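> turn this into a model:
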Amino acid sequence: MNPPEELIAGSDLATPLDSNQATRWQSWRKWIGPILLGLLVTAANVGIYWLKIDYRIFGAYAYIGVFIVTLIANATTIVPVPYITIVACIAGQSDSLVLVALAGALGSALGESVAFFIGRSGRTIAEETRFYGWVKRQMQHPWRAFAVLFGLAAPINPAFDIAGLAAGALGVPYWLFFTAVFLARMIRFGLIARVGALWCST
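Below is the predicted model of the structure:
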């Protein structure tokens, strides 16, 4: 006995629904990793703050610590380094906020150079999105490239890695890249140091 035509038609309708659900799940799945990483970094920063470490025992080596921590944190996104709280708390216990900002900016700019040289090597890692296409167009004009790199590097912005890759791939001079990132990170770490002086001083 053959099944009714209604059942056959109904079974055909299930396939598009399953396909839509799979597509929706794939679009959500690409955000799970960054969200979990963000939560982990946030938890690590809060934990470092509540530990109330006395960084003064390191003396002048604390500035070297700022340099190393920011270098590692910006050279890779695989290892979540809670550098914001560490830098802020060192600044709150140091004698020179300027030295903290300088060490943080230098380490951060050198760390971001990893993405630049990966792009310069010709390896394609960034996904061809609309944003990446826009960044590539800006990188073809020196002063526009400087402005975009500076603007993306100053705030805490994971999208900056895309700009670093594009800058390297499109032949932006390294001195321009480094100068833009260093000046932008001076602003970032200057603000972090100021906040640390207010909230992390003991």
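
> only C-alpha atoms from now on, for both contacts and neighbour counts.
Fine.

> run a quick neighbour tally on the closest residue to residue 120 other than its chain neighbours.
Leaving out its chain neighbours, the residue that sits closest to residue 120 by Cα to Cα, 6 or more residues apart in numbering is residue 168, at 4.2 Å. For residue 168, the tally of surrounding residues (other Cα atoms under 10 Å) stands at 23.

> my guess is residue 168 meets residue 114, correct?
No. Using Cα atoms under 8 Å, residue 168 is not in contact with residue 114, being 9.6 Å away.

> shaky segments in the chain?
Along the chain, segments meeting pLDDT under 70 span 1-58, 77-80, 123-127, 201-202.

> make it 80
Scanning the chain for pLDDT under 80 picks out 1-60, 76-82, 122-129, 158, 199-202.

> can you name the residues that contact residue 148?
Shown in contact with residue 148 (Cα atoms under 8 Å, 6 or more residues apart in numbering): 135, 138.

> before we move on, back to that, contacting residues for the residue nearest to residue 120?
By Cα under 8 Å, 6+ apart, residue 168 lies in contact with 115-121, 174.

> before we move on, what about residue 187?
residue 154.

> if I look at it, how far off is residue 170?
Distance, residue 187 to residue 170, using Cα to Cα, to the nearest Å: 26 Å.

> swap in residue 155?
Per Cα to Cα, residue 155 is found 23 Å from residue 170.

> now do residue 185
Counting by Cα to Cα, the gap from residue 185 to residue 170 is 23 Å.

> who has more neighbours out of the two?
The residue with more neighbours, out of residue 185 and residue 170, is residue 185; 25 against 16, by other Cα under 10 Å.

> buried residues in the helix or strand containing the more buried one?
Following DSSP states H and E, one finds residue 185 within helix 174-199. For helix 174-199, a neighbour-count test (16 or more other Cα atoms under 10 Å) marks 176-178, 180-190, 192-197 as buried.

> again with stretch 133-144
For stretch 133-144, the neighbour count (16+ other Cα under 10 Å) marks 135-136, 138-139 as buried.

> make CSV out of these and add distance to residue 99.
As requested, the buried residues of stretch 133-144 are exported to CSV (distance: Cα to Cα, whole Å):
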residue, distance to residue 99
135, 32
136, 34
138, 33
139, 31
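
> residue ranges of the helices in this structure, please?
Ranges of helices in the chain, per DSSP state H, are 5-51, 61-75, 83-92, 97-120, 130-138, 142-153, 160-169, 174-199.

> give me the helices and strands touching the third one, please.
Taking 3 or more Cα pairs under 8 Å, 6 or more residues apart in numbering; DSSP states H and E as the contact definition, the neighbouring helices and strands of helix 83-92 are helix 5-51, helix 61-75, helix 97-120, helix 174-199.

> need the residues that contact the third one.
With Cα under 8 Å, 6+ apart as the test, helix 97-120 has contacts from 63-64, 66-76, 87, 90-91, 161, 164-171, 178, 181-183, 185-186, 188-190, 193-194.

> 6 Å - rerun?
With contacts defined as Cα atoms under 6 Å, 6 or more residues apart in numbering, helix 97-120 is touched by 66-67, 70-71, 74-75, 91, 164-165, 168-169, 181-182, 185-186, 189-190, 193.

> measure residue 148 to residue 72 for me?
23 Å.
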